[in-house]
Every structure is written in structure tokens, then in C-alpha cells.
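sharing a model prediction with you, sequence too.
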Number of protein chains: 2
Amino acid sequence: MNKTVQRTVIFEELHGVKIHPTADEVYAMARKRMPNISIATVYRNLETMATNGDILRLDIAGKRRRYDADLSKHYHLRCRSCGGVSDISQAAISQVTQKLEKLKGVSGIEGYSLEFRGICEHCQNGEVK
Amino acid sequence: MNKTVQRTVIFEELHGVKIHPTADEVYAMARKRMPNISIATVYRNLETMATNGDILRLDIAGKRRRYDADLSKHYHLRCRSCGGVSDISQAAISQVTQKLEKLKGVSGIEGYSLEFRGICEHCQNGEVK
DNA sequence: ATTCTTTTTGATAATGATTACTATTACTAG
DNA sequence: CTAGTAATAGTAATCATTATCAAAAAGAAT
Ligand SMILES: [Mn+2]
Ligand SMILES: [Mn+2]
Ligand SMILES: [Zn+2]
Ligand SMILES: [Zn+2]
């Protein structure tokens, strides 16, 4: 992992925002400091950083991929209208959801999805799919 | 919503399997009964049925979209290795997860994702993004 | 500092899933 | 049956992401 100006700019720009930007949005931010940076460089580095655990990759439900420089454990609220992502702290999550159920009209929260990840029975047994 | 043979075939094929197929997989199944059916027809009808609430659309984490004819409330296990989806009943879910944490080696479950859906503060206030 | 080796970049092409388009065909009400 | 509407087959377009690759930059070794 060599140090490059591009890498630094991408990392810093991602750290400077709270909007959980897409690659395109990071690209737009980076271009202001580095007009010749390539969109491919942005995609490539965001993926590398995410793989290395330096940033979070937010892969959700058919929408564009977003990235998060905040590595602390927390949850996200995705807006059905604008597609944006905002944070929900882990500490607040259970309290919030219980209260939200009772406070109608105060919040737009409409539901949540729970997805388990792992290795299925077939793969555990080495069967071909 | 007219009745068409294609619609019936797609619906029946989806009901006949437990694998939560992708559009491609439904297409492959449907072709056996109707060799000239178009992939576009499969995509179109699966989307329409999902929108109408006749089937479930399983949009998960950057993977291909899958569909489920089982409308009962239940959860899914997605395999990291093959990408397949299998069911977890709602009744079993909390018991299972607690027990799985203690039974190492017996299950491949490695984590889960929780995503909230709703309208964010900005959109609730009618602000442009 | 100079050369060599490896990594990274920028530009662009390719990919792959989904969606859009359109002329033709199938439904369905009357 | 016929007119009017909806759906289909075939294919093109879209769009986010990946892949490719020659040129440039970074790091290591002299
Ligand atoms: Mn976050
Ligand atoms: Mn299911
Ligand atoms: Zn919003
Ligand atoms: Zn599997």
C-alpha cells in the first residue's frame, strides 16, 4: 500500500462528511482538490480501503453503494425518498425503536430488515450448487 | 391485469420451488413449459407481482434480486459462498440465534444486518436534497 | 541522484443486471 | 366478431461497477 495523493484526498474527503457518500459523490468532492483524479481511482481506492477495514462499505438493497468513515458500531437509517443514509447509534437503537412505535407521526420509521449471513447447509457439506 | 399463460407459468413456477430464485432462474424454469417466453416478460411480471404484493421481492446487499412466493412472515439466511437464500421462521428466530451463538461449528451463522426504513428529517421537512 | 521494480493512476472498454422501447399478438368487454 | 386495451417477444439502452492497460509515480537498491 503506497502512499499517494489520491488516496489521501479520498480518505480525507470521506472523513469530512457525514452523508455516507456514494463513489460518485466522493469523486465530486475529490475533484475540487484534485481536478484530474479519475473516477476509477475513486472506486478502486474506496473498495481497497473497505477491504482493508479502513472504511465501511454500505451495501444495501439494490441501491448505490455508499461508504462510511465512521468505524464505530452503529446502525443506519435509509430514506425511501432521497436514498440517503443517516446514523443511528447502537446505544440508542433499542430504546428508539420501542419509543418510535408509540410516538406516531413523530418519526418516519416504517420498518426494518434483518438478514443473517453465514454458510448454508449445502456448502458446509461441500456439495456443489 | 389480464390473465396470460406467461403470468400463470411464472407464478406457478415460483410457487413450486423453495430456492428463492432470481429472475434468470425463474426464466429457466418457465422455458421448460414455455420455450418462447421472453426474459423481459419474466422480469416484468415478477416486478408487477411484487408491487401488487402477490410475491416478495428479496433485495439484499448488492446481490442479484430474488423472489419468494411465501408471503408468511419469516426471515432469510443468505449464504456467503453460493449466494443462495433459505428460510428462517419468525417463531424460531430468537431462539435460534441465541442457541447458535453457543453451538460453535454446528452453524455457519456469522452475523446479521439491521436496516431501518423510513423518511428522514430533511424529507419530512420538505427540504430539497 | 540514478536505475530498477512494483504499484498506482487515468482513460476507457467491458460487464451484468435491470429497465425501456416497440411492433406484434393476445385479452376482454360489448 | 370487433374495437380498444394490455401484454409479449425481441432487443436496445441504462447504469453502477469492474476490468484492462499503457503511462506515471512511488519505493528500494545501488
Ligand atoms: Mn454511519
Ligand atoms: Mn422465504
Ligand atoms: Zn430523505
Ligand atoms: Zn451455500
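Arrived safely. Ligands and ions are numbered 1, 2, ... in the order given.

do you know the pLDDT at the closest residue to A:Arg64 other than its chain neighbours?
Leaving aside its sequence neighbours, A:Arg64 sits nearest to A:Thr22 (C-beta to C-beta, 6 or more residues apart in numbering or on different chains; 4.6 Å). For glycine as for every other residue, the C-beta is placed from the backbone atoms N, C-alpha and C. Model confidence at A:Thr22, given as pLDDT, is 94.

can you pull the contacts of A:Thr22?
Going by C-beta atoms under 8 Å, 6 or more residues apart in numbering or on different chains, A:Thr22 touches A:Arg64, A:Arg65, A:Arg66, A:Tyr67.

only whichever of those residues are buried, select them in PyMOL.
Those of the contacts of A:Thr22 that count as buried under 16 or more other C-beta atoms under 10 Å in any protein chain shown are selected in PyMOL with:
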select buried, chain A and resi 65+66+67
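
name the nearest of the contacts of A:Thr22 relative to A:Leu77.
A:Leu77 lies nearest to A:Arg66 out of the contacts of A:Thr22, by C-beta to C-beta, at 12.4 Å.

and the closest one, how far is that from ligand 1?
A:Arg66 is 9 Å from ligand 1, where distance means C-beta to the ion, to the nearest Å.

do A:Met34 as well
Taking C-beta to the ion, one finds A:Met34 at 25 Å from ligand 1.

now swap in A:Tyr27 and tell me
Distance, A:Tyr27 to ligand 1, by C-beta to the ion: 20 Å.

A strand includes that residue, no?
No: when classified by DSSP: H, G, I helix; E, B strand; the rest coil, A:Tyr27 is found to be helix rather than part of a strand.

list the buried residues for the helix or strand hosting A:Arg44?
Here A:Arg44, judged by DSSP states H and E, is contained in helix A:39-52. By 16+ other C-beta under 10 Å, the buried positions in helix A:39-52 come out as A:Thr41, A:Val42, A:Asn45, A:Leu46, A:Met49, A:Ala50.
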